[in-house]
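Colleague: I'd like to go over a predicted model; first the sequence, then the structure.
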Amino acid sequence: MKQIHLTVYGKVQGVGFRYFSQMKAVQYDVRGWVKNSEEGAVEILAEGTQGNLDLFIEDVRRGNPFSKVNDVIVQDTNKTDSYQSFKIKY
């Protein structure tokens, strides 16, 4: 199990990006959370196997049809918190 933190920049707020991220996380058995940041980006904390995280990141980079992802910063957190699900934080 690995944990990563993603910061997603672009047109990612007000376009269903958090819900899209949650659906992709469920699809790839990734756990953690997603939330809007005050700077207009979206933050994601994700836990899963390396293979599932790679697939998840690929879809996050692509975005949903209403978003436009300009950049995704991926950082390894070097820890695991054993989340049971993937939640949208408000």
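Modeller: The structure has been received and is ready for your questions. Numbering: from 1, shown residues only.

Colleague: so residue 20 sits in a helix?
Modeller: Yes: counting by DSSP: H, G, I helix; E, B strand; the rest coil, residue 20 is part of a helix.

Colleague: Not including adjacent chain positions, what is the nearest residue to the residue positioned nearest the centre of the chain?
Modeller: The residue lying closest to the centre of the chain (CA atoms, centre = their mean) is residue 44, at 3.9 Å. Spatially, and ignoring its direct neighbours in sequence, residue 44 is nearest to residue 6 (4.2 Å; CB to CB, 6 or more residues apart in numbering). C-betas here are computed from N, CA, C, even on glycine.

Colleague: Can you name the helix or strand that the one you found falls in?
Modeller: Applying DSSP states H and E as the criterion places residue 6 in strand 2-11.

Colleague: and that strand, what other elements does it pack with?
Modeller: strand 42-48, helix 50-62, strand 68-76 (3 or more CB pairs under 8 Å, 6 or more residues apart in numbering; DSSP states H and E).
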